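[1] Provided below for reference: sequence and predicted model.
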Amino acid sequence: MATLSYRSYEEAAQDYLTRFRALREAPPAPADVVTRGAGEVAAETLIEQADQIAGISASMAPLARGYLEAPAPALREGVSGQLLAQAAAELQLATELLQIAAGETVEPQALVTRAARGANLREAIDSMEKAMSMPVSAGLAAPGMVRRAVHAADTPEEAKKALQQSAIVTAGAISQRVVEVGGDLAYKLVFQTEWNAVVQSAGLLNKDIASLLDKVKEGAGALIRRAVTVAAKTLLNVFDKIMALLGKDIEDKARKQVKEWLEKIQQDGKIELFEKLVGKLYQVDALNTALPDWLEKTTAERDKINATTTDVMALSDKFTVLVGRIDKVGDVVGLAKFVQAQFPQVLVATTAIRVALLAALVYAGYDYIGYQQVEFFNLTKGVGEVIRENLAI
């Protein structure tokens with residue numbers, strides 16, 4: 001399907017959600033049928049609707065870039081969260097399409113039942129719909145999230161102490177979440193994925209992935225060719241959305257850095273190295289050391305310092321939402337193991353998505369800490385930036 005034209009990101013998003021809702025509400029095929037008989041009709045419907053979604057999704061990418069580059073941090077935060085929610089749903093949809101193709105080449109009992117796959121897709125659509133129910137301007141506040149109350153200090157000195165403690169806790173929490181979720185992603189890439197696929201995928205561009213996936217169709221029947229064609233479009237949209245979070249000027253550098261990290265972990269044979277590499281990049285200890293000097297120099301009033309403490313604590317909440325969506329994308333990739341084994345080209349493509357996802361996570365954490373960032377696509381004002389800007393340091 002050709003890329004469609006929309007006047008705004010919101011207009012495209014409305015059409016996008018409408019198509020996904022129609023897909024979620026479509027009547028399920030019999031659980032014991034994969035792609036033949038009555039099940040084949042469902043497969044045709046899935047392919048057609050997925051193709052429509054892929055066209056809309058491709059249109060949203062350039063429209064989203066306007067928000068990713070907006071002056072207001074809330075807009076950059078909001079659209080980054082929505083792109084990740086979309087990526088998770090589209091990745092699940094691509095898995096469904098590739099299951100159709102795999103069902104034509106292996107015994108049906110080797111596959112997950114259509115009923116189970118349908119449940120996974122409905123869940124992914126529900127999560128994406130909730131994420132997109134919030135306007136981009138709301139930033140990364142999850143539905144129902146209430147900003148934690150901060151005790152207002154009575155004196156400037158008490159306010160400074162509270163701000164310093166909040167900054168230390170927030171930066172530490174952000175770093176720890178990256179270590180936990182990123183460490184899991186890195187472990188799966190290094191120790192549970194064919195290493196050649198990791199090396200091959202780390203530097204792939206959109207056109208390279210498209211060429212690889214095109215080979216899956218060689219010698220295949222009409223249904224497989226159509227399913228794989230739409231799956232390829234969908235996977236490429238997922239890849240593009242994740243790469244957009246890194247920015248055009250940094251995406252290659254970020255993936256190269258992550259590839260080097262993965263190679264070091266592979267050579268060392270220990271995933272614990274990941275935490276050390278994250279620590280070296282983030283410089284949390286250096287930030288904590290700089291805080292007392294910053295606070296000593298500021299002439300900001302007590303109320304401004306208290307407000308800054310609230311802003312710093314909010315960064316931890318927002319990062320938790322962002323990491324949750326990154327983690328969801330990683331989970332969906334993990335559910336596609338059978339398809340990846342069936343089609344080696346798909347393994348390379350999904351591994352490229354995983355490497356990009358890990359890079360997006362690592363540099364998002366770097367961004368949210370916001371201390372001495374160099375050459376990075378800024379998606380938010382991090383801990384260090386908020387303090388220095390608010391207190392005129």
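    Looks like it came in fine. In this text, all values refer to a predicted model and were calculated from it rather than measured experimentally.
[2] could you point out which element follows the lowest-mean-pLDDT helix or strand in the chain?
    Every helix and strand of the chain was ranked by mean pLDDT, DSSP states H and E. The lowest is helix 337-342, at a mean of 63. Using DSSP states H and E, the helix or strand that follows helix 337-342 towards the C-terminus is helix 344-369.
[3] average pLDDT for that next one?
    Helix 344-369 comes out with an average pLDDT of 90.
[4] buried stuff in that helix?
    Of all the residues in helix 344-369, those buried under the rule 16 or more other Cβ atoms under 10 Å are 345-369. All C-beta atoms are positioned from the backbone trio N, CA, C, and that covers glycine.
[5] with adjacent residues omitted, what lies nearest to residue 19?
    Once flanking residues are discounted, residue 19 sits nearest to residue 53: 4.9 Å by Cβ to Cβ, 6 or more residues apart in numbering.
[6] what's the single longest helix in the chain?
    helix 156-191 (DSSP state H).
[7] and the next helix or strand past that one?
    Next along from helix 156-191, by DSSP H and E: helix 195-201.
[8] in the helix or strand following that following helix, which residues are buried?
    The helix or strand immediately downstream of helix 195-201 is helix 206-214, counting by DSSP H and E. Neighbour-count burial for helix 206-214 flags 209, 210, 212, 213 (criterion: 16+ other Cβ under 10 Å).
[9] just the angle between the longest helix of the chain and helix 344-369, please?
    With axes from the mean of the first three to the mean of the last three Cα atoms, to 10 degrees defining the directions, helix 156-191 sits at 170 degrees from helix 344-369.
[10] avg pLDDT for helix 156-191?
    The average pLDDT within helix 156-191 is 94.
[11] stretch 49-66: which residues count as buried?
    49-61, 63-64.
[12] kindly report the same for stretch 160-170.
    Using 16+ other Cβ under 10 Å as the test for burial, stretch 160-170 gives 160, 161, 162, 163, 164, 166, 167, 168, 170.
[13] check stretch 305-312 too.
    For stretch 305-312, the neighbour count (16+ other Cβ under 10 Å) marks 305, 306, 307, 308, 309, 311, 312 as buried.
[14] output those as JSON lines; include the columns secondary structure.
    Formatted as JSON lines, the buried residues of stretch 305-312 follow (DSSP: H, G, I helix; E, B strand; the rest coil):
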{"residue": "305", "secondary structure": "helix"}
{"residue": "306", "secondary structure": "helix"}
{"residue": "307", "secondary structure": "helix"}
{"residue": "308", "secondary structure": "helix"}
{"residue": "309", "secondary structure": "helix"}
{"residue": "311", "secondary structure": "helix"}
{"residue": "312", "secondary structure": "helix"}
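[15] from those, pick the one nearest residue 132.
    residue 311 (25.2 Å; Cβ to Cβ).
[16] what sits against that closest one?
    386, 390 (Cβ atoms under 8 Å, 6 or more residues apart in numbering).
[17] against residue 284, how distant is it?
    18 Å (Cβ to Cβ, to the nearest Å).
[18] repeat that for residue 355.
    24 Å.
[19] would you map the helices across the stretch 201-350 of the chain?
    206-214, 222-244, 251-268, 273-282, 284-297, 302-335, 337-342, 344-369 (DSSP state H, counting those that start in this stretch).
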